[in-house]
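Enquirer: could you look at this predicted model? Sequence included:
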Amino acid sequence: MAYATNKADIYDAIYSLRLRLKIFDLIRKAKSGHIARSLSCIDFIYILYKYILQINPTLIHNTNCDRYVQSKGHAVEALYIVLSEMGYFDPKLLDTYLKFGLNLLAM
């Protein structure tokens, strides 16, 4: 197991735990979801959006920015959590997850 050695690593480790708790909360409120699949990729998605992808909420319509396509549909909760945390949509929208006729759907 690797240990955090600087403040940025410690911040990311704590933030990762926070994201995991949000996955549990999202699935608990929706009364359905795929916990293990979302937990297995939350760090990957977070690191991609924070450090690697050349995109932010103001660039989503720019054709020159990076794109992320998630084929692991049963981990959509992880993607929704990261996107809401990074400012792509209002975190309150997570309350509509799996609600009939609303915006956030599951795979």
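Expert: Arrived safely. Residues are numbered from 1 along each chain as shown.
Enquirer: so what's the most centrally placed residue in the chain up against?
Expert: Computing the C-alpha centroid of the chain and ranking residues by Cα atoms, centre = their mean puts V82 first, at 2.4 Å. Counting by Cβ atoms under 8 Å, 6 or more residues apart in numbering, V82 makes contact with 19, 42, 45-46, 49. In this view, the C-beta of every residue, glycine as well, is placed from N, C-alpha and C.
Enquirer: out of these, who's the most crowded?
Expert: I45 (23 neighbours; other Cβ atoms under 10 Å).
Enquirer: quick one, helices of this structure?
Expert: Using DSSP state H, the helices of the chain run over 7-30, 35-47, 76-85.
Enquirer: just checking, which helix or strand of the chain averages the lowest pLDDT?
Expert: Within the chain, no helix or strand scores below helix 7-30, which has a mean of 93 by mean pLDDT, DSSP states H and E.
Enquirer: show me what that helix is packed up against.
Expert: If you count contacts as 3 or more Cβ pairs under 8 Å, 6 or more residues apart in numbering; DSSP states H and E, helix 7-30 packs onto helix 35-47, helix 76-85.
Enquirer: can you report how many residues lie near the residue nearest to I60 when sequence neighbours are not counted?
Expert: Among residues not flanking I60 along the chain, Y88 sits closest, at 7.1 Å (Cβ to Cβ, 6 or more residues apart in numbering). As a burial measure, Y88 scores 16 neighbours (other Cβ under 10 Å).
Enquirer: re earlier: any chance of CSV for the helices of the chain, columns distance to N62?
Expert: CSV is the format used below for the helices of the chain (distance: least, Cβ to Cβ, whole Å):
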stretch, distance to N62
helix 7-30, 26
helix 35-47, 20
helix 76-85, 17
